[in-house]
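how would this look folded up:
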Amino acid sequence: MNDTFPWDDLLDHIERGKVVPVIGHELIHAEYEGRRVSLQRVIAERLAEREKLSVEWTPHFELNDAVCAYLANPRARLVGLYDRVASLASSLSPPFPIPAGLTRLAEIGPLDLFVTLTFDSLMARALDRVRFGGDGVTREIEFSINQSTAKQAEAHQVRPGDAPVVFSLFGRAAGQSDFAIHDEDALEFIHRFVSGDVAPPEWLLSELRNRHPLILGVHLPDWLERFMLRAATRDRLRLAQKVYYIAGDNVSSGTFTQFLHRFGRETTIAAYEDPADAFVEALHDRWTARHPNTGAKPLRPPEPRGSIFISYGRENLDAVVRLHDAIGALGGDAWFDRAELYPGDRWEQTILPQIRRDARLFVPVISEGTAHRGEAYVFREWREALERAKKIVGRRFIVPIVVDSDYHGDVGRYGSLLDEFPGLHELHFGRAPCGEPDPDLRQALVSEIRAMRREEAQ
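This next block holds a predicted model:
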């Protein structure tokens with residue numbers, strides 16, 4: 001089975017930003033105190049020693065084994081046990097090292113969103129060490145069934161593309177978060193995630209449902225695996241057209257893979273039956289062979305984009321270049337993507353964060369050519385901008401600019417666009433024939449640029 005694994009397909013999907021690694025306990029193995037062991041096993045053994053428990057160990061389920069042994073005493077209570085587990089995890093001396101598999105994943109640059117089913121911060125530490133020279137740039141967010149409103153709001157503001165994101169589905173043993181330490185905890189987390197009782201960030205749901213999962217060393221009870229799988233899928237499994245890449249011990253014979261083969265008729269399942277860290281090593285070798293010299297130097301956080309975002313279709317590129325230069329001459333800090341991203345590129349991670357949060361002014365470029373395009377990514381950008389504009393009071397956010405040389409205020413010629421984007425009806429269209437702003441537009445742009453400068457000075 002490993003000989004036929006579709007490596008090139010996986011690498012292609014990674015290059016396009018369409019893969020999300022899902023990290024299980026099997027991948028969190030390292031040499032620790034003279035033996036190769038998982039972090040879960042270390043914590044479970046120390047909990048068993050502290051509570052004087054007799055435990056029958058099950059590979060990959062050791063903490064659940066220890067908690068079940070603890071609860072076998074009718075007088076045992078879970079209250080306080082989470083703090084004890086968190087204390088055991090934070091007080092390990094020496095600290096548990098970053099597993100090599102996580103370091104290898106961090107060295108594959110396009111991977112920018114990770115879901116971990118463990119409650120540690122090892123994946124974030126690996127990313128910070130490899131990509132940012134140890135600086136704490138990676139964003140860690142966790143799902144929590146008792147999460148504060150402030151924490152929820154913070155999670156909703158995170159966007160892939162700004163910095164790598166590690167999402168802990170079962171919480172983290174840090175700060176004020178709750179986290180899962182046994183099977184019933186995991187069930188409750190998944191239930192809350194799916195039901196919306198605790199609303200997960202919409203951007204996260206969108207990313208999970210539009211990417212192909214790379215499931216690495218995940219071992220859950222089979223009934224819980226199926227529930228989690230459905231949570232990350234927009235459609236019924238038999239209709240979902242996704243690729244599932246799965247690696248780990250006994251994956252081909254596991255009920256998870258068999259379930260997908262039986263009921264996921266429209267899905268593609270690529271299973272690699274070897275330990276997860278061996279798979280990651282093989283993936284890293286193939287990635288570096290295709291992209292030599294990547295990951296050799298620590299990366300830095302992306303440079304901030306311009307505060308004026310120009311949104312355009314490729315038919316207007318020449319005019320947009322002139323418009324960009326004209327705005328720059330007026331003192332504006334404008335930005336646009338010269339290549340215009342095509343389907344499969346990292347568009348959602350590159351462009352949408354700029355529109356949703358960073359841009360101070362959004363400039364949709366309009367022409368006859370744009371009006372006659374039936375479908376284009378640029379229209380998704382306009383919808384995002386109009387949605388954001390609803391939340392902005394007291395200032396302009398959208399400045400539409402027409403670049404047709406024969407435009408003299410007759411907006412009716414763009415009726416198809418106005419019908420599709422009624423929010424544009426209320427806006428005054430600026431005029432920039434072939435990209436050169438006319439005097440009225442220049443004055444309007446100067447006014448907006450000065451307003452930006454005043455805001456920055458406050």
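
when you work out contacts or count neighbours from here on, use the C-alpha atoms and nothing else.
Noted.

residues contacting the nearest residue to Asp135 once chain neighbours are set aside?
Ranked by C-alpha to C-alpha, 6 or more residues apart in numbering and with sequence neighbours excluded, the top spatial neighbour of Asp135 is Asp128, at 5.8 Å. Contact analysis of Asp128 by C-alpha atoms under 8 Å, 6 or more residues apart in numbering lists 134-138.

pLDDT and neighbour count for these - can I get that in JSON lines?
Putting the contacts of Asp128 into JSON lines (pLDDT from 0 to 100; neighbours: other C-alpha atoms under 10 Å) gives the following:
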{"residue": "Gly134", "pLDDT": "85", "neighbour count": "13"}
{"residue": "Asp135", "pLDDT": "82", "neighbour count": "14"}
{"residue": "Gly136", "pLDDT": "85", "neighbour count": "13"}
{"residue": "Val137", "pLDDT": "86", "neighbour count": "20"}
{"residue": "Thr138", "pLDDT": "91", "neighbour count": "23"}
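
let me have those residues in JSON lines, adding distance to Phe119 and secondary structure as columns.
Below are the contacts of Asp128 laid out as JSON lines (distance: C-alpha to C-alpha, whole Å; DSSP: H, G, I helix; E, B strand; the rest coil):
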{"residue": "Gly134", "distance to Phe119": "20", "secondary structure": "coil"}
{"residue": "Asp135", "distance to Phe119": "21", "secondary structure": "coil"}
{"residue": "Gly136", "distance to Phe119": "18", "secondary structure": "coil"}
{"residue": "Val137", "distance to Phe119": "19", "secondary structure": "coil"}
{"residue": "Thr138", "distance to Phe119": "16", "secondary structure": "coil"}
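
what about Ser54, how many residues close to it?
Ser54 has 12 neighbours, counted by other C-alpha atoms under 10 Å.

for it, what are phi and psi?
Main-chain torsions, Ser54, degrees, to the nearest 10: phi -100, psi 120.

can you pull the contacts of it?
With C-alpha under 8 Å, 6+ apart, Ser54 has these contacts: 48, 69.

same question, Val20
Listed by C-alpha under 8 Å, 6+ apart, the contact partners of Val20 are 111-115, 208, 211-214.

how about a cut-off of 10 Å?
Residues in contact with Val20 (C-alpha atoms under 10 Å, 6 or more residues apart in numbering) are 13-14, 111-115, 207-215.

what lines up beside the helix or strand that contains it in the sheet?
In this structure, Val20 sits in strand 19-23 according to DSSP states H and E. According to DSSP bridges, strand 19-23 forms sheet pairs with strand 113-116 (parallel), strand 212-216 (parallel).

I would like the residues contacting the last one, please.
Same thing as strand 212-216. 10, 13-14, 17-27, 101, 114-116, 229, 232, 241-249, 251, 270-272, 275-277, 279-280.

before we move on, what about stretch 140-147?
With C-alpha under 10 Å, 6+ apart as the criterion, stretch 140-147 contacts 114-116, 119, 121, 123-125, 151-152, 154-156, 158, 164-172, 176-180, 185, 188-193, 197-201.

quick check: Asp274 touching Asp3?
No. Contact between Asp274 and Asp3 fails when scored by C-alpha atoms under 10 Å: they sit 11.8 Å apart.

okay, these two: which has more neighbours?
Using other C-alpha under 10 Å, the more surrounded residue of Asp274 and Asp3 is Asp274, with 16 against 7.

measure the more buried one to Leu216 for me?
Per C-alpha to C-alpha, to the nearest Å, Asp274 is found 10 Å from Leu216.

past the host helix or strand of Arg84, which element shows up next along the chain?
In this assignment (DSSP H and E), Arg84 forms part of helix 81-90. Sequence-wise, the next helix or strand downstream of helix 81-90 (DSSP H and E) is helix 100-106.

need the contact partners of that next one.
Counting by C-alpha under 10 Å, 6+ apart, 21, 23, 27-31, 111-112, 114, 122-131, 164, 216, 276-285, 295 sit against helix 100-106.

tell me how far that helix lies from the chain's centre.
Offset of helix 100-106 from its chain centre (C-alpha atoms, centre = their mean, to the nearest Å): 18 Å.

so for that helix, what's the average pLDDT?
Helix 100-106 shows an average pLDDT of 96 in the prediction.

what's the answer for stretch 354-371, then?
Rounded mean pLDDT across stretch 354-371 is 88.

just stretch 398-405 next, same as before
Stretch 398-405 comes out at a mean pLDDT of 95.

how long is it end to end?
Using C-alpha to C-alpha, the end-to-end distance of stretch 398-405 comes to 21 Å.

distance of the residue nearest the centre of the chain relative to Ile14?
Residue closest to the average C-alpha location in the chain (C-alpha atoms, centre = their mean): Leu113, at 3.7 Å. Separation of Leu113 from Ile14 (C-alpha to C-alpha) stands at 11 Å.

try Val194
Val194 is 26 Å from Ile14, by C-alpha to C-alpha.

mind listing the strands for the stretch 51-200 of the chain?
Secondary structure of the stretch 51-200 of the chain, counting by DSSP state E, counting those that start in this stretch: strands at 113-116, 139-142, 165-168.

can I get the CA coordinates of the first one in PDB?
The C-alpha atoms that make up strand 113-116 are tabulated as PDB, following Å, rounded to 0.1, in the frame of the first residue of the first chain:
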ATOM      1  CA  LEU A 113      -3.000  25.700   9.700                       C
ATOM      2  CA  PHE A 114      -2.700  22.700  12.100                       C
ATOM      3  CA  VAL A 115      -5.300  20.900  14.200                       C
ATOM      4  CA  THR A 116      -3.900  19.100  17.100                       C
END
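
that one: which residues count as buried?
113-116 (16 or more other C-alpha atoms under 10 Å).

more neighbours, Val194 and Ile14?
Shown here are Val194 and Ile14; by other C-alpha under 10 Å, Ile14 has more neighbours (22 against 17).

quick one: Gly328 and Arg442, what's the gap?
For Gly328, the distance to Arg442 equals 11 Å [C-alpha to C-alpha].

give me the more crowded residue out of the two.
Arg442 (18 against 13).

ok, how many other residues are close to the residue nearest to Asn250 when sequence neighbours are not counted?
With sequence-adjacent residues excluded and distances taken as C-alpha to C-alpha, 6+ apart, Asn250 is closest to Glu273, at 5.8 Å. The tally of other residues near Glu273 (other C-alpha under 10 Å) stands at 19.
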